[in-house]
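Engineer: Fold the following.
(chains A, B, C and D)
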Protein chains: 2
Amino acid sequence: MVREDKAPGSLGSRDGLGDKAGMICRAIRRAIVEQALRPGDRLPEDALGERFGVSRTIARHALGQLGAEGLVDLRRNRIAVVATPSMEEARDTFDIRIELEGLVVKALAGRLEKKQIARLREHVEAEQAARQGSEATSIRLATEFHVLLAEMTGKPILTRYVNEVSYRCGLTLSTFGRPHSSECAVNEHSVLIDALAEGDVQEAMRLMREHLEQVADRALLVAPDARNRELMDILAPYAEEVASRSKRPRKA
Amino acid sequence: MVREDKAPGSLGSRDGLGDKAGMICRAIRRAIVEQALRPGDRLPEDALGERFGVSRTIARHALGQLGAEGLVDLRRNRIAVVATPSMEEARDTFDIRIELEGLVVKALAGRLEKKQIARLREHVEAEQAARQGSEATSIRLATEFHVLLAEMTGKPILTRYVNEVSYRCGLTLSTFGRPHSSECAVNEHSVLIDALAEGDVQEAMRLMREHLEQVADRALLVAPDARNRELMDILAPYAEEVASRSKRPRKA
DNA sequence: ATAACTAAGAGTGTATGCAATCACGATGCC
DNA sequence: GGCATCGTGATTGCATACACTCTTAGTTAT
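Structural biologist: Coordinates of the predicted model:
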């Protein structure tokens, strides 16, 4: 045996964590993107460990990773919570996403093999099918479409970053977005594939940018009325009124 | 007291780790960018813990973070080592960096306050001064210039990513770059500040892109002869010849 | 009744211990 | 002499234990 393993210095499928911590990370990421976990939800180390059948050590390690990815907020001596991106951060994240996925498109346009195109169309079909199913699956599949594209570039670092910002965008959607805001995205995915297959870089770039702008708009423009968490700023005008009733029905 | 803390959902200065793990992370990052730690160098948990006066638990946590950032390679049951980016990953990283720092420039051009400009010029002066000092300091300051720019955008996520790719680029330089390859970068920093101060977005973007392309070229074009690590691909053509001598003088 | 104070419970921060795995030199075989 | 095998030390994977901090409910004083 000549020792060839996989790749010496590449962080191919990141999560260098043993495996168990990686499992927890993946589970939580998925729960977040499917909005089963929502911003502000608590993630106590004990509970996580017990739920996944591991010790607090592992759960803690996993939380550390998720914290580094910006999906959970870690504050000293405080229970970890699912991150609540600010409006500013959200806009920031989408801007970055647009640039990164621009790189993806540039790398892919005209270079997709038939098999890859088929794989993409297959995924879009799954997205179509999911529109009648649970919204959670819809959102997850939409996110995974972008991840899939990134993976096809074969560029590990780019893939990793697209992955990360995509999940963060899912979190943003969860924070600010209205329900069913990912309606028409499926068609946009479809025409994007067309452009990529045809090799029209300019058009593909334009489509991707437009698509992401629209996703961002759908996610961000409806912020004020859609959610009632972190309402510090929304409530500010009413502060005096509220001051009378001192009870706060905070969710368990 | 009304509890206003700092910012609820922002990962301001990341490293959510208690403090000690964050210390280790910062120390190792710095050591890497200063090329005191070089690709492939081993980072055993015990040794780290002892060196920093903490237990293996903390060292391990820190390594986890660095692994997530792609600065160290974490493989199960293996000693952590400083990452050795492949040529492909290196190119990849620089591409991403160019896009991200493009965002920085776009956000900054014409919007810099006098104080900020002064701060930047001050930094460039420090870079100038360091050219006569140790190369380690030069490289670190050059990296920190870009980080400083990113911070001035006030965009936390963008700052975080620029930070990460910048450090990764430092690692790339360490892997492929020739000594003294950051010679003229200082001037490029200086003219970039001019363009930013003047508010010429187009010119600033062009300068930044050109600057980074040149940094990449200096770092990557000299790969074949400068270093003899990870020479799998370089040696491929000579494989038959090499087959005779089976000794491999691997460094301790 | 309200507000400040206090004490118990909950949860994190960190160190340590043990089992499992790996690296590497020693040993034996061809 | 070269090559495979084995055993020991080195190192990681993981769980547990304890100290410290924060939260919160109960309590007392005003």
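Engineer: only C-alpha atoms for contact and neighbour calcs from this point on.
Structural biologist: Will do.
Engineer: Now do the helices in chain A.
Structural biologist: Assigned by DSSP state H, chain A shows helices spanning A:20-33, A:45-52, A:56-68, A:87-108, A:114-130, A:135-152, A:156-176, A:185-198, A:201-220, A:223-226, A:232-235, A:239-243.
Engineer: Briefly note if the second one comes near DNA strand C.
Structural biologist: Yes: part of helix A:45-52 sits near DNA strand C under the criterion C-alpha under 7 Å from any atom of the strand, namely A:45, A:46.
Engineer: can you list contacts of that helix?
Structural biologist: A:24, A:55, A:56, A:58, A:59, A:60, A:79, A:80 (C-alpha atoms under 8 Å, 6 or more residues apart in numbering or on different chains).
Engineer: can I get these in TSV with pLDDT and distance to residue B:121?
Structural biologist: Output for the contacts of helix A:45-52, formatted as TSV (pLDDT from 0 to 100; distance: C-alpha to C-alpha, whole Å):
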residue	pLDDT	distance to residue B:121
A:24	95	46
A:55	96	51
A:56	96	48
A:58	96	46
A:59	97	45
A:60	97	42
A:79	96	42
A:80	97	40
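Engineer: Quick one: which of those is the most crowded by neighbours?
Structural biologist: residue A:59 (26 neighbours; other C-alpha atoms under 10 Å in any protein chain shown).
Engineer: surely that one meets residue A:19?
Structural biologist: No: between residue A:59 and residue A:19 there is no contact under C-alpha atoms under 8 Å: 11.6 Å.
Engineer: circling back: go through the helices of chain A and find the least confident stretch.
Structural biologist: Mean pLDDT is lowest for helix A:239-243 out of those, coming in at a mean of 36.
Engineer: Quick check: residues of chain A near DNA strand C?
Structural biologist: Residues of chain A that fall close to DNA strand C, judged by C-alpha under 7 Å from any atom of the strand: A:43, A:44, A:45, A:46, A:57, A:75, A:76, A:77, A:78, A:79, A:80.
Engineer: Near the closest residue to residue A:71 other than its chain neighbours, how many other residues are there?
Structural biologist: Of all residues beyond its chain neighbours, the one nearest residue A:71 is residue A:83 (5.4 Å), with distances taken as C-alpha to C-alpha, 6 or more residues apart in numbering or on different chains. Residue A:83 has 27 neighbours, counted by other C-alpha under 10 Å.
Engineer: if we can go back for a sec, columns distance to residue B:31 on top of the helices of chain A, output as JSON lines?
Structural biologist: Shown next, in JSON lines, are those (distance: least, C-alpha to C-alpha, whole Å):
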{"stretch": "helix A:20-33", "distance to residue B:31": "27"}
{"stretch": "helix A:45-52", "distance to residue B:31": "32"}
{"stretch": "helix A:56-68", "distance to residue B:31": "20"}
{"stretch": "helix A:87-108", "distance to residue B:31": "28"}
{"stretch": "helix A:114-130", "distance to residue B:31": "42"}
{"stretch": "helix A:135-152", "distance to residue B:31": "32"}
{"stretch": "helix A:156-176", "distance to residue B:31": "22"}
{"stretch": "helix A:185-198", "distance to residue B:31": "42"}
{"stretch": "helix A:201-220", "distance to residue B:31": "38"}
{"stretch": "helix A:223-226", "distance to residue B:31": "43"}
{"stretch": "helix A:232-235", "distance to residue B:31": "42"}
{"stretch": "helix A:239-243", "distance to residue B:31": "50"}
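Engineer: Minimum distance to residue B:155: which of those helices has it?
Structural biologist: Nearest to residue B:155 among the helices of chain A is helix A:87-108 (6.5 Å), distances taken as C-alpha to C-alpha.
Engineer: what about the closest one and chain B, any contact?
Structural biologist: Yes: between helix A:87-108 and chain B, judged by C-alpha under 8 Å from any C-alpha of the partner chain, the touching residues are A:88, A:89, A:92, A:93, A:96, A:99, A:100, A:103.
Engineer: Of the residues you listed, keep whichever come out buried.
Structural biologist: The neighbour count (16 or more other C-alpha atoms under 10 Å in any protein chain shown) marks A:89, A:92, A:93, A:96, A:99, A:100, A:103 as buried among the residues of helix A:87-108 next to chain B.
Engineer: dump the residue contacts of residue A:143.
Structural biologist: Neighbour list for residue A:143: A:33, A:166, A:167, A:170 [criterion: C-alpha under 8 Å, 6+ apart].
Engineer: before we move on, what about residue A:43?
Structural biologist: By C-alpha under 8 Å, 6+ apart, residue A:43 lies in contact with A:79, A:80, A:81, A:82.
Engineer: Keep the residues you listed, but drop any that are not near chain B.
Structural biologist: Among the contacts of residue A:43, chain B is touched by none when using C-alpha under 8 Å from any C-alpha.
Engineer: Could you check how far the residue nearest to the spatial centre of chain A is from DNA strand D?
Structural biologist: The residue lying closest to the centre of chain A (C-alpha atoms, centre = their mean) is residue A:167, at 1.5 Å. With distances taken as C-alpha to the nearest atom of the strand, to the nearest Å, residue A:167 is found 24 Å from DNA strand D.
Engineer: now do residue A:118
Structural biologist: Plainly put, residue A:118 is 37 Å away from DNA strand D if you go by C-alpha to the nearest atom of the strand.
Engineer: and that residue, how many neighbours?
Structural biologist: Residue A:118 - counted by other C-alpha under 10 Å - has 13 other residues nearby.
Engineer: Please apply the same query to residue A:129.
Structural biologist: Neighbours of residue A:129 using other C-alpha under 10 Å come to 11.
Engineer: now do the one 5 residues further on
Structural biologist: The criterion is other C-alpha under 10 Å. On that basis, residue A:134 has 10 neighbouring residues.
Engineer: what's the answer for residue A:172, then?
Structural biologist: 26.
Engineer: do the one 4 residues further on as well
Structural biologist: The tally of other residues near residue A:176 (other C-alpha under 10 Å) stands at 26.
Engineer: likewise residue A:101?
Structural biologist: Residue A:101 has 25 nearby residues by other C-alpha under 10 Å.
Engineer: For the stretch 101-250 of chain A, what lies in contact range of chain B?
Structural biologist: Residues of the stretch 101-250 of chain A lying near chain B (C-alpha under 8 Å from any C-alpha): A:103, A:155, A:156, A:157, A:158.
Engineer: Please report how far the first one lies from residue A:72.
Structural biologist: Shown here: residue A:103 relative to residue A:72, a distance of 27 Å by C-alpha to C-alpha, to the nearest Å.
Engineer: And for the third one?
Structural biologist: The spacing between residue A:156 and residue A:72, counted by C-alpha to C-alpha, is 24 Å.
Engineer: got it, and residue A:201?
Structural biologist: 36 Å.
Engineer: Who has more neighbours out of the two?
Structural biologist: Between residue A:201 and residue A:72, counted using other C-alpha under 10 Å, residue A:72 has the larger neighbour count: 30 against 19.
Engineer: domain ranges for chain A?
Structural biologist: A:20-82, A:87-223 (automatic domain parsing).
Engineer: Tabulate those (a markdown table), appending distance to residue B:126.
Structural biologist: Output for the domains of chain A, formatted as a markdown table (distance: least, C-alpha to C-alpha, whole Å):
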| stretch | distance to residue B:126 |
| --- | --- |
| domain A:20-82 | 31 |
| domain A:87-223 | 30 |
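Engineer: Great, nothing more from me.
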